[in-house]
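Participant: Below is the structure, and that's it, no one-letter string:
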């Protein structure tokens, strides 16, 4: 994905009412136990891979895969051997 793709993602997300857009990079094999966020989010994986667990459901996400979470939803994250990068739009409450 290119800078212009990130700019397009940012414009699209702001048009949908998200107030913050950023790129998150995670180190290889990072594990985040169950936690919540004080914002809702919509994201797209652009590099690497990750596993997102919400309740008893785990999704394996690769480049091009999108995911979304509502405010305060408990979830866990695990990143692949090469880490992962995703673009995320946040809607702060």
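Facilitator: Everything's here; your move. Predicted, not measured: the structure shown is a model, and the values here were computed from it.

Participant: beta partners of the residue positioned nearest the centre of the chain?
Facilitator: By C-alpha atoms, centre = their mean, the chain has its centre lying nearest to residue 43, at 4.0 Å. Beta-bridge partners for residue 43, by DSSP bridges, are residue 67, residue 88.

Participant: what do you get for residue 20?
Facilitator: The partner list for residue 20 in beta bridges (DSSP bridges) reads residue 90.

Participant: Spit out the contact partners of it.
Facilitator: 39, 89-90, 92 (C-beta atoms under 8 Å, 6 or more residues apart in numbering). C-beta here means a position set from N, CA and C on the backbone, and glycine is covered the same way.

Participant: Looking at neighbours, which among the residues you listed is most surrounded?
Facilitator: residue 89 (23 neighbours; other C-beta atoms under 10 Å).

Participant: Tell me if I'm right that that one and residue 21 touch.
Facilitator: Yes. Between residue 89 and residue 21 there is a contact under C-beta atoms under 8 Å: 4.7 Å.

Participant: Overlap of the contact sets of the two?
Facilitator: In terms of C-beta under 8 Å, 6+ apart, residue 89 and residue 21 are both contacted by the residues 9-10, 13-14.

Participant: Who are the packing partners of whatever helix or strand residue 40 lives in?
Facilitator: Element membership of residue 40 [criterion: DSSP states H and E] is strand 39-54. On a contact count with 3 or more C-beta pairs under 8 Å, 6 or more residues apart in numbering; DSSP states H and E, strand 39-54 meets strand 20-26, strand 57-61, strand 66-69, strand 75-92.

Participant: Which of the shared contacts of residue 89 and residue 21 fall in strands?
Facilitator: Among the shared contacts of residue 89 and residue 21, the subset assigned to strands under DSSP state E is empty.

Participant: a markdown table for those residues, including neighbour count and pLDDT?
Facilitator: Output for the shared contacts of residue 89 and residue 21, formatted as a markdown table (neighbours: other C-beta atoms under 10 Å; pLDDT from 0 to 100):
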| residue | neighbour count | pLDDT |
| --- | --- | --- |
| 9 | 20 | 96 |
| 10 | 17 | 97 |
| 13 | 22 | 97 |
| 14 | 13 | 97 |
